[in-house]
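>>> My questions are about this predicted structure, shown below with the sequence.
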Amino acid sequence: MNTLSSPRLTDLLERLHGEADAADREHVEAMQAKIAAPGASIEALAMDLLADERADYRATYRDRADNFLAVSPEYGRFLYAIARSCRATRIVEFGTSMGISTLYLAAALRDNGGGHLIGSEMEVSKVARARANLQAAGLADLVDIRAGDALETLKDVGGTVDLMLVDGAFSLYLSVLKTIEPWLKPSAVVLGENAFEPEYLAYVRNPANGYMSLALPDEGRGNEFSVKLS
């Protein structure tokens, strides 16, 4: 049995995914309605969201303080599998929210023999809930969640990074990546969840910047898989 399949964690994740579905239902339905409108598209919606964030990303996410905005169970298992496959012992997560993705990554760290995950989350209320969820899972000893703006909290992660999950304010994806980039070791994996920001995609898809990058088949969620080659 691995940590991800332990009853303690599976029961917690089942409950949290259910809570996330309930908390985010109205928000998700509103987004789906916008995408389904005549002449609309997920790309156009993403550009509208980016414009709102660039005006005031703190306010945008303050309005989403009660939303989980969580990864799906399938993507969570993918995160676990990637972290196991690259034998990650040091992980950085931009956008912790309530800690669902963090649980999958921390489970992988436990099964890799231990390690350290540094997360960053702007909303203090979410930080408290994420820490409580990690404590309930028995994984809190592996995780340091830093409250505040990631451009400040992730300036110093104290060592090389094997895996990075980028899943916070869309408009900060490239800035946060560049903040962590000096710490990324060769072969480090960078996963961009909902990576619609054009400058971020252009950067990781340009071989001159030292990455091999491709979009994942993900039903329109815009997930990008990148590997730091040097």
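That came through, no problem. Residues are numbered from 1 along each chain as shown.
>>> So for the lowest-mean-pLDDT helix or strand in the chain, what gets flagged as buried?
Ranking every helix and strand in the chain by mean pLDDT, DSSP states H and E puts helix 42-62 at the bottom, with a mean of 86. Using 16 or more other C-beta atoms under 10 Å as the test for burial, helix 42-62 gives 42, 45-46, 49-50, 53, 57, 60-61. Where you see a C-beta, it was placed from the backbone N, CA and C, and this is true even at glycine.
>>> same question, stretch 10-20
12-13, 16-17, 20.
>>> CA atoms only: put that stretch into CSV for me.
C-alpha atoms of stretch 10-20 as CSV (Å, rounded to 0.1, in the frame of the first residue of the first chain):
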residue,chain,number,x,y,z
THR,A,10,-8.4,8.4,0.4
ASP,A,11,-11.3,9.3,2.8
LEU,A,12,-10.0,12.8,3.3
LEU,A,13,-9.6,13.4,-0.4
GLU,A,14,-13.0,12.0,-1.2
ARG,A,15,-14.5,14.5,1.3
LEU,A,16,-12.5,17.4,0.1
HIS,A,17,-13.3,16.8,-3.6
GLY,A,18,-17.0,16.7,-2.6
GLU,A,19,-16.7,20.0,-0.7
ALA,A,20,-14.8,21.5,-3.7
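>>> Next, the angle from the longest helix along the chain to helix 42-62.
If you go by DSSP state H, the chain has its longest helix at helix 7-36. Per axes from the mean of the first three to the mean of the last three C-alpha atoms, to 10 degrees, the angle that helix 7-36 makes with helix 42-62 is 120 degrees.
>>> Run through the neighbouring helices and strands of helix 7-36.
Contact here means 3 or more C-beta pairs under 8 Å, 6 or more residues apart in numbering; DSSP states H and E; on that basis helix 7-36 packs against helix 42-62, helix 73-85, helix 100-111, helix 124-137.
>>> quick one: contacts for the residue nearest the centre of the chain?
Taking C-alpha atoms, centre = their mean, the centroid of the chain lies closest to Asp167, which sits 3.2 Å from it. Residues in contact with Asp167 (C-beta atoms under 8 Å, 6 or more residues apart in numbering) are 71, 93-95, 97, 101, 191-194.
>>> where does it fall, phi/psi-wise?
With angles defined as degrees, to the nearest 10, Asp167 sits at phi -150, psi 50.
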